[in-house]
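A.B. asks: Predicted coordinates and the sequence they were generated for:
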Amino acid sequence: MTNKLIKGLVATAVLAALAGCGSDNDDVTVPKTCAEAGEACTIFTVLHTNDNHGNFWRSENGEFGMAARKTLIDQIRAEVEANGGEVLLLSGGDINTGVPESDMQDAVPDFMGMNLIGYDAMAVGNHEFDNPLHVLDMQRKLADFPMLSANIYDKDSGERYFEPYKVFDVNGLRIAVVGLTTEDTVKIGNPDYISSLNFTDPTEEIKKVIQEIKDGDMADLIFASTHMGHYADAASGSLAPGDVTMARALTAGDLAAVFGGHSQNPVCMELDTNDYAEFNRGDECTPDKQNGTYIMQAHEWGKYVGRADFEYFNGELQLASYKLVPVNLMVLNKYGSPDLADKDDPMSGTLIPGTVAIEESDVVLDALRPYKEEGQRLLDVVIGATNGELVGLKDTVRSEQTNLGHLLARAQSDYKLVNADFGIMNSGGVRNSITEGEITYRHVLKVQPFGNMVAYATMTGTDLIEYLNQVATKTAGAGAYAQLDGIKLSVDCDAQQVTIHEIGGEVFDAAKEYKFSLSSYLAAGGDGYPAIESTSIEIADALVLRDYIETKGTILVNDFNPVPGDIEYLSGGEVHKACPAAAE
């Protein structure tokens, strides 16, 4: 403990004692602000990011990226230290999965970038288990910082697989950072990779860790770096409970702050409520506070660096200020894309008001450029072949069933973490055809460029009829038009009703339950589909398609060509390939 802190704590204790001595000391008061406390006040800053998902390089529009993030964080460190403070830098996990150049190199450039930026610790995210454990162990060795999780155990030894917490000296304060990982990893992770691990209840684990820290008098403050998700007012639905549930379950004051991830939202609340504020790029942000615990999350991909400036005096922690600092973010147009001044120049957007361009660190650029270049080369590595054209042409795939539409739906329904009875694919998610011959990962990404997660849902036959009454009647020409694989049905476009004949090769039974695959985008109500309860396996659709093609080796188009009569659309007494637009 530094002399400054000892002096501060002694001064605070003396002032508190004098304040209770009676009228002779009425002129002595306990400081109410850091300024009043003077040297008895310790200041420090916590910076945090989460859900990097492979975004080690700037986006195609020049936004975010680790090189600009380093410059920004270095600037904040210098400012804080000049004012007598110190910085702690945390990550809420999910470094892996999302950008092909990173995925194909086991996120090595991302961990190298984190080392160069100077992270102090990270929570282990569920996507850290998208690879075999030997890859994760390689990443642990590569990282110059601890990967923390208190609730993951090795089944054989019964020991924790990661360090549960780490104690840091931050400007004289002992701060313990506890790592926690969502229990949903068991449900959405690859069983081939996590079968040797046990994921326990994070809330129960942190109670144990807090008691251990208290018993050993190891810290002045306890923080958590989590990958559990923030759900307003604890409304996590079918997802595992997140940070709010945990904070409410603890003894008030035990956990000072949570720096989270997983839900990938900017945790910005309406003041003194449990409701999210309407947050736009560059807006001010008030973090959540539950049961005395501050809860913060910095959206995703390194778009922002969360900055929490703290003051510690009178034995209490105060949040002096909080902001989400944008990293070269641009004004968006009505379509949610950067509003370009020159449509042919993807980097001609306007930075959001109140921000200036952050120069990229040459050190980070030079270190990561070889990985960017190698990633581009790997995109052209052959992953399979097709003996004919897989049709994804816009005018065709949005107006009739196609072999590519069925391939995408089947790749998702057959995926080992889904294993559904049939699949649904919106045609707007099919952006290109694949011509006869060799298939590379670059081809896959041209077909599915959006990075939607694959999900599945289960319904009774009766409920499924009601659902497909809305889904299967989407009209020709619309991106919502559904490609349907593994199901036979007739669609009465005029009555907006379906008759299901078979699912998975068996006669349809309205009393039976059926599982079907779709994207998390559609499950959430995208493209005008009904919002439904679903389980997201949190694997991008393009990765699932790549896995399917690699497993098959050669895609035989006849295996996916729509069978005439399987999906039949009826309108005006005639058979169509889709419900005519006028019928909607």
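C.D. replies: That came through fine.
A.B. asks: so where's the stretch 151-300 of the chain uncertain?
C.D. replies: Within the stretch 151-300 of the chain, not a single segment meets pLDDT under 70.
A.B. asks: from memory Ala472 sits against Tyr481, does it?
C.D. replies: No - contact criterion Cβ atoms under 8 Å: Ala472 and Tyr481 do not qualify, at 9.3 Å. Where you see a C-beta, it was placed from the backbone N, CA and C, and this is true even at glycine.
A.B. asks: so who does Thr462 touch?
C.D. replies: Ala510, Ala511 (Cβ atoms under 8 Å, 6 or more residues apart in numbering).
A.B. asks: cool, Ile222 as well?
C.D. replies: Ile175, Ala176, Val178, Ile210, Ile213, Asp254, Leu255, Ala256.
A.B. asks: For those, pick the one with the most neighbours.
C.D. replies: Within those, Val178 tops the neighbour count with 29 neighbours, counted by other Cβ atoms under 10 Å.
A.B. asks: nearest residue to that one other than its sequence neighbours?
C.D. replies: Tyr165 (4.3 Å; Cβ to Cβ, 6 or more residues apart in numbering).
A.B. asks: that older thread, keep only those of the contacts of Ile222 that are in strands.
C.D. replies: Among those, the ones falling in strands (DSSP state E) are Ile175, Ala176, Val178.
A.B. asks: who's the first one bridged to?
C.D. replies: Yep, that's Ile175 we're talking about. For Ile175, the beta-bridge partners under DSSP bridges are Phe168, Leu221.
A.B. asks: Residue numbering should commence at 74 henceforth.
C.D. replies: All right, first residue 74 from here; so that's Ile248.
A.B. asks: quick one: what helix or strand has Asp229 in it?
C.D. replies: Assigned by DSSP states H and E, Asp229 falls within no helix or strand.
A.B. asks: mind listing what it touches?
C.D. replies: Asp229 touches Ser269, counting by Cβ under 8 Å, 6+ apart.
A.B. asks: Phi, psi for it please.
C.D. replies: phi -70, psi -50 (degrees, to the nearest 10).
A.B. asks: cool, and Asp183?
C.D. replies: Torsion angles, degrees, to the nearest 10, at Asp183: phi -70, psi -40.
A.B. asks: Kindly provide the distance from it to Leu215.
C.D. replies: 10 Å (Cβ to Cβ, to the nearest Å).
A.B. asks: Comparing these two, which shows the higher neighbour count?
C.D. replies: Asp183 (28 against 15).
A.B. asks: Okay, the more buried one and Gly388: tell me how far apart.
C.D. replies: 39 Å.
A.B. asks: burial of the residue lying closest to Asp620 once chain neighbours are set aside, as a residue count?
C.D. replies: Nearest non-adjacent residue to Asp620, counting by Cβ to Cβ, 6+ apart: Tyr488, 7.3 Å away. Close neighbours of Tyr488, defined as other Cβ under 10 Å, add up to 22.
A.B. asks: Now do the same contact list for Tyr488.
C.D. replies: So Tyr488 contacts Val527, Ser590, Ile610, Ile612, Val617, Asp620, Tyr621 (Cβ under 8 Å, 6+ apart).
A.B. asks: Cross those residues against helices and list the overlap.
C.D. replies: If you go by DSSP state H, these have Val617, Asp620, Tyr621 in helices.
A.B. asks: between these, which is nearest Thr106?
C.D. replies: Closest to Thr106 out of the ones in helices among the contacts of Tyr488 is Val617 (54.7 Å), distances taken as Cβ to Cβ.
A.B. asks: who's in contact with the closest one?
C.D. replies: Ala484, Gln485, Tyr488, Val527.
A.B. asks: pretty sure the last one contacts Val491?
C.D. replies: Yes - assessed by Cβ under 8 Å, Val527 is found in contact with Val491 at 6.5 Å.
A.B. asks: Show me which of the two is the more surrounded one.
C.D. replies: Val527 (28 against 21).
A.B. asks: Which residues are in contact with the residue nearest to Val464 when sequence neighbours are not counted?
C.D. replies: Nearest non-adjacent residue to Val464, counting by Cβ to Cβ, 6+ apart: Thr475, 4.3 Å away. Counting by Cβ under 8 Å, 6+ apart, Thr475 touches Leu463, Val464, Gly465, Thr469, Val503, Gln556, Pro635.
A.B. asks: quick check, nearest of these to Arg380?
C.D. replies: Scanning the contacts of Thr475 for proximity to Arg380, where the rule is Cβ to Cβ, the winner is Val503, at 41.0 Å.
A.B. asks: Lowest average confidence across helices and strands of this protein, where is it?
C.D. replies: helix 76-92 (a mean of 38; mean pLDDT, DSSP states H and E).
A.B. asks: Packing partners of the helix or strand that that one is followed by?
C.D. replies: Using DSSP H and E, the next helix or strand after helix 76-92 towards the C-terminus is helix 107-110. Here helix 107-110 touches helix 76-92, strand 377-386, going by 3 or more Cβ pairs under 8 Å, 6 or more residues apart in numbering; DSSP states H and E.
A.B. asks: Which strands border the last one, and is each parallel or antiparallel?
C.D. replies: Strand pairing for strand 377-386, using DSSP bridges, gives strand 115-122 (antiparallel), strand 389-399 (antiparallel).
A.B. asks: Out of these, which gets nearest to Asp257?
C.D. replies: strand 115-122 (21.0 Å).
A.B. asks: So for that closest one, mean pLDDT?
C.D. replies: Averaging pLDDT along strand 115-122 gives 98.
A.B. asks: ok, now stretch 451-461?
C.D. replies: Stretch 451-461 comes out at a mean pLDDT of 96.
A.B. asks: what do you get for stretch 607-621?
C.D. replies: Stretch 607-621 comes out at a mean pLDDT of 93.
A.B. asks: Show me how far it is from its chain's centre.
C.D. replies: In this view, stretch 607-621 has its centroid 14 Å away from the chain centroid, taken as Cα atoms, centre = their mean, to the nearest Å.
A.B. asks: How about stretch 243-260?
C.D. replies: Per Cα atoms, centre = their mean, the centroid offset for stretch 243-260 relative to its chain is 17 Å.
A.B. asks: What of stretch 296-304?
C.D. replies: Using Cα atoms, centre = their mean, the offset of stretch 296-304 from its chain centre is 12 Å.
A.B. asks: CA atoms only for it, dumped as CSV, please.
C.D. replies: Extracted in CSV, the C-alpha atoms of stretch 296-304 (Å, rounded to 0.1, in the frame of the first residue of the first chain):
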residue,chain,number,x,y,z
PHE,A,296,-14.7,-5.8,-9.5
ALA,A,297,-15.9,-8.4,-12.0
SER,A,298,-15.0,-8.8,-15.6
THR,A,299,-17.8,-10.9,-17.0
HIS,A,300,-19.1,-12.5,-20.1
MET,A,301,-22.7,-13.1,-19.0
GLY,A,302,-24.8,-10.4,-20.7
HIS,A,303,-26.7,-7.3,-19.5
TYR,A,304,-30.4,-7.7,-19.6
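A.B. asks: Now the residue lying closest to Ala330 once chain neighbours are set aside. Its backbone dihedrals?
C.D. replies: Nearest residue to Ala330, sequence neighbours excluded (Cβ to Cβ, 6+ apart): Tyr367, at 4.2 Å. With angles defined as degrees, to the nearest 10, Tyr367 sits at phi -70, psi 140.
A.B. asks: can you list the domain ranges for this structure.
C.D. replies: As recorded under automatic domain parsing, the domains making up the chain are 74-103, 114-449, 455-656.
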